[in-house]
Structure formats: structure tokens, C-alpha cells
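> Predicted model and sequence follow; I will ask about them next.
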Amino acid sequence: MFMRRFLSRRVLRRILWLVLVGTMLPVLAIAVAEGWTYLLAQGLCHNSPAACQPHSVGLVLGCSRKLANGRNNMYFTGRIQAAANLWYSGRVRGLIVSGDNRTKYYNEPDDMRAALIKKGVPANRIVCDYAGICTYDSVARAKRIFGADQLIIVSQAEHAERAVAIARHLNISATGLRAPIVPLNRPTFLKQWLRERAARVAMVYDFLTFRRPRHLGHPESLPFPASS
């Protein structure tokens, strides 16, 4: 009886220890990722194009035109409007629209390019990067493939902060332009918040492992100057 109770207590302590470690490790990982993002991107993301560095290349991060149920995606709408405002501000020489094009029915760069042209941005000042399958790859390819070493990155606030942190880590001079954010209900807000926390932890993993973009090819020349 005594041994049974002793073993039960040992098993219970081990379970509690595993639960504690399993809880603390994600918390620690999130804290490190948040701190790293803050240190790299502090004060570098702005609400207005006028506050961004001039003579840059704009990098518009991928976003689908439509939601899964066919409704307009307000993230897409806000991002396109911010990118158009950036162009008309004269702060950029041109725009790279970078995203995923996994199938012929899902093509973020083409959707963004078409929407920007409708906003009056000249077609010859928009370049599509079809291999921007994630934020890290979009930022890294802007320099490694297109030679852009001074970027204004366009996305919603927290996403822009993470992208600027990635750029700074990769020795790219970057600022961020915050696109309008959509009012969210509580479940959607929580989902987006958790998704961003996970993405920042993944970003730190990419830093520590010196990850290269999944797709690299030959350098491509932009139809406008890529740097000062």
C-alpha cells in the first residue's frame, strides 16, 4: 500500500512537472519572439507614407483578394489602399507585390497587381514575386533576387512589425507602413493574435537556423532603381 501511494505521488509529480514545462516553454518562446521583434522594429512602422524613408522600393506582402466564403477581404482592401497611397506619396520608385500562387485559382501577386492598376499605379512600376510563400521569403527575396536594399513594407500593423524585424535582421534598411486594420469580433481577434504569436516564434527559429528562402533563382532586374 505504501509503495503504491509513493509511486502514485511520483507519477503525479512527474505529470505536474511535464505540464509546467509544457506550459512555460511556449510562454518563454513567445516572450523571446516578442522582445526580438520589438528591439528590431521599434519606431520603424508608421501610419503615414510621409513618415517613411524616401527613395525606397515598396514591398506589399501577400494577401488573398477574397475570403473563403467569397466575400471581399478587408485586409486585402486595406493593404492595396495603403500601397496606392504610398505610390502617390512619391516615397517609392516602384512596388514589389509578393505572395503565393499555389494554383491557377489562387494567385496573390496577380490579384494585388490588378487591384493596384485599378487604383492608378502604373503597370510598369509593379513587379510580381510569385515565390513569396511566407513573410520571411518575401523579405529575403526582395534583396537577394530583386536587389532592393531599402524597403517600405506594407501590411497591417503587427505583420508589418514582424516583416521589418526580418528585414533588419537580414541587413535590409526597412520601415513599415501600417495598412488599415479591420475591426474584429472576439473569436477572430483571438485567432489572429495567436497566429501572429506563432509566426513570430517561427521567425526566431528562422533567424537561429539561418534559413534560406524556399525558392531561389537567378537575380532579376527591377524596371526601376532598386536602391539609392
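Done, it's in.
> isn't Ile133 right up against Arg214?
Yes: counting by CB atoms under 8 Å, Arg214 is a contact partner of Ile133 at 6.1 Å. All C-beta atoms are positioned from the backbone trio N, CA, C, and that covers glycine.
> Specify which residue of those two has the higher count of neighbours.
Ile133 (20 against 12; other CB atoms under 10 Å).
> nearest residue to that one other than its sequence neighbours?
Asp100 (5.1 Å; CB to CB, 6 or more residues apart in numbering).
> ok, so what distance separates the one you found from Ala51?
Distance of Asp100 to Ala51, given as CB to CB, to the nearest Å: 29 Å.
> do the same with Tyr75
22 Å.
> Which one's more surrounded, those two?
Using other CB under 10 Å as the criterion, Tyr75 and Ala51 rank with Tyr75 on top: 19 against 12.
> could you say what helices and strands the helix or strand that contains the more buried one packs with?
Per DSSP states H and E, Tyr75 falls inside helix 74-89. Using 3 or more CB pairs under 8 Å, 6 or more residues apart in numbering; DSSP states H and E, the elements in contact with helix 74-89 are strand 56-61, strand 92-98, helix 108-118, strand 150-156, strand 173-179.
> what residues are up against the nearest residue to Glu161 once chain neighbours are set aside?
Nearest non-adjacent residue to Glu161, counting by CB to CB, 6+ apart: Ala41, 4.5 Å away. The contact partners of Ala41, taken as CB atoms under 8 Å, 6 or more residues apart in numbering, are Glu161, Arg162, Val164, Ala165, Arg168, Gly176.
> Distance check, the fourth one against Ala115.
The one in question is Ala165. Counting by CB to CB, the gap from Ala165 to Ala115 is 27 Å.
> Compare the two and say which is more crowded by neighbours.
Ala165 (28 against 21).
> tell me the secondary structure for the more buried one?
Taken by DSSP: H, G, I helix; E, B strand; the rest coil, the conformation at Ala165 corresponds to helix.
> Am I right that it is in contact with Trp36?
Yes: using CB under 8 Å, Ala165 makes contact with Trp36 at a distance of 6.8 Å.
> Now list whatever residues contact both of the two.
Met203.
> for the protein, what are the low-confidence residue spans?
Residues of the chain that meet the criterion pLDDT under 70 lie in 1-13, 16-22, 67-70, 104, 184, 227-228.
> Tell me how far the residue nearest the centre of it lies from Phe224.
Nearest residue to the geometric centre of the chain (CA atoms, centre = their mean): Thr135, 4.0 Å. Distance, Thr135 to Phe224, by CB to CB: 23 Å.
> now His169
Distance from His169 to Phe224, by CB to CB: 26 Å.
> cool, and Ile80?
19 Å.
> So for the two, which residue has more residues nearby?
Ile80 (25 against 16).
> pretty sure the more buried one contacts Ile117?
No: Ile80 is beyond contact range of Ile117, at 10.4 Å (criterion: CB under 8 Å).
> residues contacting Ile117?
Ala123, Ile126.
> Sorry, wrong one. I was asking about Ile133.
Gly99, Asp100, Arg214, His215.
> Hmm, the third one is touching Ser138, no?
No: shown here, Arg214 and Ser138 do not form a contact pair, counting by CB under 8 Å, at 11.2 Å.
> Can you name the residues in contact with stretch 174-191?
Here stretch 174-191 has contacts from 41, 44-49, 51-53, 56, 58, 74-75, 78-79, 81-83, 86, 139, 150-157, 160-161, 163-164, 167-168, 192, using CB under 8 Å, 6+ apart.
> Convert the C-alpha atoms of stretch 132-141 to PDB, please.
The C-alpha coordinates for stretch 132-141 follow below in PDB (Å, rounded to 0.1, in the frame of the first residue of the first chain):
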ATOM      1  CA  GLY A 132       6.800  34.900 -51.600                       C
ATOM      2  CA  ILE A 133       5.200  31.900 -49.900                       C
ATOM      3  CA  CYS A 134       5.800  33.400 -46.400                       C
ATOM      4  CA  THR A 135       6.800  36.700 -45.000                       C
ATOM      5  CA  TYR A 136      10.400  35.600 -44.400                       C
ATOM      6  CA  ASP A 137      10.800  34.600 -48.000                       C
ATOM      7  CA  SER A 138       9.100  37.700 -49.400                       C
ATOM      8  CA  VAL A 139      11.500  40.000 -47.500                       C
ATOM      9  CA  ALA A 140      14.600  37.900 -48.200                       C
ATOM     10  CA  ARG A 141      13.800  37.600 -51.900                       C
END
